[in-house]
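> Task: produce atomic coordinates for the following.
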Amino acid sequence: MLHTRICDLFGIELPIVSAGMGAVARARLAAAVSEAGGLGTIALAGLSPEAVANEIARARALTSKPFAVNLLIPFMRPGVLELLAREKVCAVTLFWGDPTEQIPPAKKLGLTVIWQCGSAEEAASAKAAGANAIIAQGFEAGGHVCGTTSTLALIPAVRDTIGDLPMLAAGGIADGRGLVSALALGADGAVFGTRFVASHESAAHQQYKRCLLSAKASDTLHTQLFDIGWPGASHRVLRTPFVDRWETAGRPASGNRPEEGKAVARLVRDGIDVPLPSYSVSPPTEDTEGDIGGLAWYAGESVSMISEIASAGEIVRQIAAQAGEIIAKRQRPLRS
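Below is the predicted model of the structure:
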């Protein structure tokens, strides 16, 4: 009942995809989602070719099923696309750039390209450039958001624009109800981000995960506040006490913000040891040491629907079961 063109395109069982959330979506999470029948995604933004190869190897040690990788155009390193082609990854999601410049080189290498966008106009450009599939990301999404249109309005607009090209929907989707809604609006599947942050396999810091359980949609903020490392890029985060202090100070601009420039934490992972200042683009992860309060706690408006930390496989199964039940229950009365 939940089999769609997305399943055929990627060789998966369910049209459920985990988002490529920078620093949080690593091999362990991607493999767990794929093992459960969805399409897991590894975030590779900013990684060197060697680190990319290592992360892909970790995922393949955990699953033989297809998984995708995610690249942010502003942080793409030379040689990474060529490496992904040699590794024969299932698909690569590209985000935050000009599709007419970025898609053709990837396609020339034989890669299957998913282009994530925030408008119908960008989706049209991506289709013309040769994208194999589109992710329509609504304004409700957590993390970095490039559009201003809600998911409810964006999905049909993109579908009308791209015709029968396979499409995924993202933003404000956390359960089977959201998946069914996305399918009804014209998508072929859905991307789940914040829901998978609150999974055992995500690399998010435990304090960050726990805060998601009590947060509501109104506790999120669309802003450009956490700009050190990526200036001018809009994103949605939780309203932490750190954010409250900035707002109380009158929302001063970069360069005049409270606690700005202070190295509050460190990222220690795989031989890397780098300081993380307040207002850093980096989210708190299991590898972050020190005061994580001044970092970006990314979350979408779907956070209201998250009440427990569960295994990624169980999350996939819960989404699929709920979607199946809704479809079965709705079919009969709608037909009559």
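
> Grab the nearest non-local neighbour of G40.
Leaving aside its sequence neighbours, G40 sits nearest to A30 (Cβ to Cβ, 6 or more residues apart in numbering; 3.1 Å). Glycine gets a C-beta too; all of them are placed from N, C-alpha and C.

> so how many other residues sit close to the one you found?
Burial of A30 is recorded as 32 neighbouring residues (other Cβ atoms under 10 Å).

> Who are the contact partners of it?
Contacts for A30 were tallied using Cβ atoms under 8 Å, 6 or more residues apart in numbering; they are S18, G40, T41, I42, A59, F67, A68.

> can we see that at 10 Å?
18, 20, 38-43, 55-56, 58-59, 62-63, 65, 67-70, 196, 201, 312 (Cβ atoms under 10 Å, 6 or more residues apart in numbering).

> residue boundaries of the strands in the protein?
16-18, 40-43, 67-72, 91-95, 113-117, 133-137, 143-144, 167-170, 190-192, 220-223, 235-238, 263-269, 272-277, 288-290 (DSSP state E).

> Can you say which of those is packed in most?
strand 16-18 (a mean of 32; mean count of other Cβ atoms under 10 Å).

> so how far is that strand from its chain's centroid?
9 Å (Cα atoms, centre = their mean, to the nearest Å).

> same thing with stretch 173-186?
With Cα atoms, centre = their mean as the basis, the mean position of stretch 173-186 lies at 16 Å from the chain mean.

> buried set for stretch 311-320?
A312, G313, I315, V316, R317, I319, A320 (16 or more other Cβ atoms under 10 Å).

> Count the neighbours of P156 for me.
15.

> didn't it look like it was pressed against A120?
Yes. Here P156 reaches A120: they are 9.3 Å apart, a contact under Cβ atoms under 10 Å.

> ok, P66 - how many residues close by?
With other Cβ under 10 Å as criterion, P66 counts 17.

> Surely it touches D8?
No. Contact criterion Cβ under 10 Å: P66 and D8 do not qualify, at 11.8 Å.

> Could you list the domains of this structure?
5-201+306-335, 206-302 (automatic domain parsing).

> what mean pLDDT does the first one have?
To tie it back to what came earlier, the one meant is domain 5-201+306-335. If you average the pLDDT over domain 5-201+306-335, you get 97.

> go on, stretch 262-282?
pLDDT averaged over stretch 262-282 gives 91.

> end-to-end on that stretch?
Using Cα to Cα, to the nearest Å, the span of stretch 262-282 from its first residue to its last is 14 Å.

> now it, how far from the chain's geometric center?
Using Cα atoms, centre = their mean, the offset of stretch 262-282 from its chain centre is 21 Å.

> ok, now stretch 53-69?
17 Å.

> Could you do stretch 70-84 as well?
Counting by Cα atoms, centre = their mean, stretch 70-84 comes out at 17 Å from the chain centroid.

> How about stretch 48-55?
With Cα atoms, centre = their mean, you get 20 Å for stretch 48-55.

> Go through that stretch and flag the buried ones.
P49, A51, V52, A53, E55.

> Neighbours of C146, how many?
18.

> Could you measure from the closest residue to it other than its chain neighbours over to S234?
Excluding its sequence neighbours, the residue lying closest to C146 (Cβ to Cβ, 6+ apart) is G118, at 4.1 Å. According to Cβ to Cβ, to the nearest Å, G118 and S234 sit 10 Å apart.

> Need the overlap of contacts for these two.
F139, V145, C146, G147, T148.

> Is it possible to mark the buried ones in these?
F139, V145, C146, G147.

> dump the residue contacts of the second one.
By Cβ under 10 Å, 6+ apart, V145 lies in contact with 118, 137-139, 170-171, 222, 233-236, 298, 300.

> which of the buried residues of stretch 48-55 lies closest to K329?
Nearest to K329 among the buried residues of stretch 48-55 is E55, at 40.7 Å by Cβ to Cβ.

> if we can go back for a sec, tell me which of the domains of the chain sits most buried.
domain 5-201+306-335 (a mean of 21).

> Run the chain-centre distance for that one.
The answer for domain 5-201+306-335 is 7 Å, by Cα atoms, centre = their mean.

> what about stretch 41-59, start to end distance?
10 Å.

> correction: stretch 240-257
First residue to last in stretch 240-257 (Cα to Cα) measures 15 Å.

> Now list whatever residues contact both of P156 and A120.
A136.

> any idea how far G143 is from A296?
Applying Cβ to Cβ to G143 and A296 gives a distance of 9 Å.

> need the helices for the stretch 1-150 of the chain, in chain order.
5-10, 27-35, 49-62, 80-87, 99-108, 120-129 (DSSP state H, counting those that start in this stretch).

> Adding distance to T161, write those out as a markdown table.
Output for those, formatted as a markdown table (distance: least, Cβ to Cβ, whole Å):
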| stretch | distance to T161 |
| --- | --- |
| helix 5-10 | 17 |
| helix 27-35 | 28 |
| helix 49-62 | 32 |
| helix 80-87 | 26 |
| helix 99-108 | 13 |
| helix 120-129 | 4 |
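
> between those, which gets nearest to R269?
helix 49-62 (9.9 Å).

> Which strands and helices lie in contact with the closest one?
Using 3 or more Cβ pairs under 10 Å, 6 or more residues apart in numbering; DSSP states H and E, the elements in contact with helix 49-62 are helix 27-35, strand 40-43, strand 67-72, helix 80-87.
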